[in-house]
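# fold the stuff below for me.
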Amino acid sequence: MNRPILFDADGRAAFAPEQPRMVEVVRSFSFKLNLGNYQSCDFFCSQKSACQEDEAEELSGLLYQFCRTEVMKSVREVQAKNGLKVA
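Sure thing, here's the model as predicted:
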C-alpha cells in the first residue's frame, strides 16, 4: 500500500501514519420449510456492513445472528399460520 509522504516545517520527509484498513462484511442465512403435500417455503436474509479489518470477525458474528433471528421469526409465523409444529 502506498502511504503519502508528509513534510514537516523544516522540510524533512516522513511517511503519514498508516490508516486502519476498512473491509466490507456480508453474511446471510437461508431456511427451507417443508409445508407438506410437496410444497415448501424458502426464507432468506442478507446483511452487509463496513468496519475496520480488526473488527470484522465480531461484526460477522453479529450480522449472522441478526439474519438468523429474522429468518426464524418468519419461519415461526408461517408455521403458526399453517398449523405446523413450531421450530
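# and the strands in the chain?
5-7, 13-15, 22-36, 39-52 (DSSP state E).
# paired strands for the third one, with orientation please.
Using DSSP bridges, the strands paired with strand 22-36 in its sheet are strand 39-52 (antiparallel).
# give the buried residues for the partner strand.
Under the neighbour-count criterion of 16 or more other CB atoms under 10 Å, strand 39-52 has Phe43, Cys45, Gln47, Ser49, Cys51 buried. To be clear about C-beta, it is placed using only N, CA and C from the backbone, and glycine gets the same treatment.
# next, the distance between the ends of stretch 29-47.
From its first residue to its last, stretch 29-47 covers 9 Å (CA to CA, to the nearest Å).
# make 16 the starting number, not 1.
New numbering, starting at 16: the last item is stretch 44-62.
# ok, residues contacting that stretch?
Outside stretch 44-62, the residues that touch it by CB atoms under 8 Å, 6 or more residues apart in numbering are 41-43, 78-79, 81-83, 85-87, 89-90, 93-94, 97, 99.
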